[in-house]
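*Asks:* give the three-dimensional model of this entry:
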Amino acid sequence: MRNTILLVTAVALSFTLHHSVAAQGDSFGSSAAATAPQAQPPSKPAGVGAPTAGVELPPATDIFKRSVEAIGGEAAVRRHTAMRMKGGLSATGMKTPGTLEILMLAPNKFLTTIELPGMGPMKQGFDGNIGWTKNSMMGTQLLEGKTLAELRRSSDFYKDLDPSKMWTTATTSGIVDFGGMPCYEVAVTGDLGEGSLFYGVSDGLNRGMRLTIDSPMGKIPATTRMVEYKEFDGLKVASKTEIEAMGAVQTMTVDSIDFAPLNESLFDLPADVQALVKNGGAKTTGTTPPPAAPVPPPTKP
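*Replies:* Model prediction:
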């Protein structure tokens with residue numbers, strides 16, 4: 001679904017961080033956090049954010065309503081209760097693309113898996129209550145705060161019917177060129193970040209966004225472009241998306257979408273996540289426990 005891209009953008013940013021660190025041969029930890037890039041304002045083409053002279057701008061709520069019709073309408077969205085999306089994920093300097101699978105189940109269950117050559121899987125899930133993430137570099141973690149709040153909103157299967165739910169504020173600020181076409185710019189703030197969304201003036205489709213996103217390495221400016229759309233069972237979905245962040249460009253492609261029913265057990269918490277929940281959320285750094293320290297021999301009296 002269209003707003004699923006917002007959630008995948010955050011997940012893909014984690015992919016960028018991991019790929020960048022691996023490519024440089026660095027360890028991912030406190031030293032990496034210390035060298036995190038300083039947040040800079042997202043670059044904007046001329047005219048972005050400026051009022052459009054002589055043009056009456058529609059309110060953001062109207063733009064959002066039109067975007068629902070553009071992807072197929074409310075009836076087409078509500079016809080489905082589950083989704084399995086499969087695709088690919090590549091990045092600047094990456095020789096072999098990774099794979100991406102997203103599972104969603106109404107009303108609010110979510111699981112995404114990114115498989116990266118030589119780096120193992122990255123997973124993020126939400127079972128309707130608990131959000132978690134797992135990868136080879138940072139281990140298994142429970143999500144909390146803004147990250148959990150955003151995941152909870154993004155996991156809403158029918159969120160596309162009211163995009164305003166994703167944001168605290170949304171205001172139309174002008175008509176600008178984005179991705180080579182005239183787009184309404186909607187300035188937004190929310191848990192995912194702050195910046196702008198862009199909707200085609202002619203077709204109403206969401207064509208991209210510029211957001212400063214909260215990540216494990218601080219605030220990172222990212223530009224997302226929905227390059228192509230395809231129709232799957234009556235719904236238009238961004239089938240090719242480019243995400244630019246930290247000097248790298250990722251390309252996400254959607255190869256197939258299946259709306260067949262999914263078993264709820266697919267969204268059950270993995271054993272290591274259950275262990276974290278029982279342990280009050282204490283972070284794990286891997287799946288293999290460290291060796292026990294040797295027991296010193298008893299001292300003689």
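*Asks:* where do the strands of this structure begin and end?
*Replies:* Here the chain has its strands, by DSSP state E, at 82-91, 98-105, 109-116, 120-126, 131-135, 139-142, 169-178, 181-189, 193-200, 206-215, 218-232, 235-245, 248-258.
*Asks:* between strand 82-91 and the second one, find me the angle.
*Replies:* Calculated by axes from the mean of the first three to the mean of the last three C-alpha atoms, to 10 degrees, strand 98-105 forms an angle of 160 degrees with strand 82-91.
*Asks:* repeat that for the fifth one.
*Replies:* Following the same axes, to 10 degrees, one obtains 40 degrees for the angle between strand 131-135 and strand 82-91.
*Asks:* among the strands of the chain, which is nearest R66?
*Replies:* Nearest of the strands of the chain to R66, taken as C-beta to C-beta: strand 193-200 at 7.5 Å. Bear in mind the C-beta positions are built from the backbone N, C-alpha and C, glycine included.
*Asks:* what distance separates the closest one from the centre of its chain?
*Replies:* Taking C-alpha atoms, centre = their mean, to the nearest Å, the mean C-alpha location of strand 193-200 is offset from the chain mean by 15 Å.
*Asks:* before we move on, what about stretch 182-202?
*Replies:* Worked out by C-alpha atoms, centre = their mean, stretch 182-202 lies 16 Å from the chain centre.
*Asks:* also stretch 174-184?
*Replies:* Computed by C-alpha atoms, centre = their mean, the separation of stretch 174-184 from the middle of its chain amounts to 23 Å.
*Asks:* just the buried residues of that stretch, please?
*Replies:* Buried positions in stretch 174-184, judged by neighbour count with 16 or more other C-beta atoms under 10 Å: 174-176, 178, 183-184.
*Asks:* any idea how far P59 lies from K65?
*Replies:* For P59, the distance to K65 equals 10 Å [C-beta to C-beta, to the nearest Å].
*Asks:* and these two? Which one has more around it.
*Replies:* K65 (18 against 12; other C-beta atoms under 10 Å).
*Asks:* what about the more buried one, distance to L235?
*Replies:* 16 Å.
*Asks:* identify the bridge partners of the nearest residue to R207 once chain neighbours are set aside.
*Replies:* Distances taken as C-beta to C-beta, 6 or more residues apart in numbering put F198 closest to R207, at 4.8 Å, once the chain neighbours are dropped. F198 has these beta-bridge partners by DSSP bridges: E185, G208.
*Asks:* can you check P221 too?
*Replies:* With DSSP bridges as the criterion, P221 is bridged to T212.
*Asks:* what does T140 give?
*Replies:* Those that pair with T140 in a beta bridge, by DSSP bridges, are K134.
*Asks:* reformat the strands of the chain as CSV; add distance to D156.
*Replies:* Shown next, in CSV, are these (distance: least, C-beta to C-beta, whole Å):
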stretch, distance to D156
strand 82-91, 13
strand 98-105, 9
strand 109-116, 9
strand 120-126, 10
strand 131-135, 13
strand 139-142, 20
strand 169-178, 17
strand 181-189, 17
strand 193-200, 18
strand 206-215, 17
strand 218-232, 19
strand 235-245, 16
strand 248-258, 18
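*Asks:* and those, which one averages the lowest pLDDT?
*Replies:* If you rank those by mean pLDDT, strand 206-215 sits at the bottom with a mean of 86.
*Asks:* next, the angle strand 193-200 makes with that strand.
*Replies:* Interaxial angle of strand 206-215 relative to strand 193-200 (the same axes, to 10 degrees): 170 degrees.
*Asks:* other SSEs contacting strand 206-215?
*Replies:* With contacts defined as 3 or more C-beta pairs under 8 Å, 6 or more residues apart in numbering; DSSP states H and E, strand 206-215 has these neighbours: helix 4-24, strand 181-189, strand 193-200, strand 218-232.
*Asks:* buried sites along it?
*Replies:* Buried-residue list, strand 206-215, by 16+ other C-beta under 10 Å: 206-215.
*Asks:* stretch 233-242 too?
*Replies:* For stretch 233-242, burial by neighbour count (16+ other C-beta under 10 Å) applies to 235-241.
*Asks:* right, and F126 touches R153 too?
*Replies:* No. Taking contacts as C-beta atoms under 8 Å, F126 lies outside contact range of R153: 10.2 Å.
*Asks:* more crowded one of the two?
*Replies:* F126 (22 against 19).
*Asks:* how close does that one sit to E74?
*Replies:* 24 Å.
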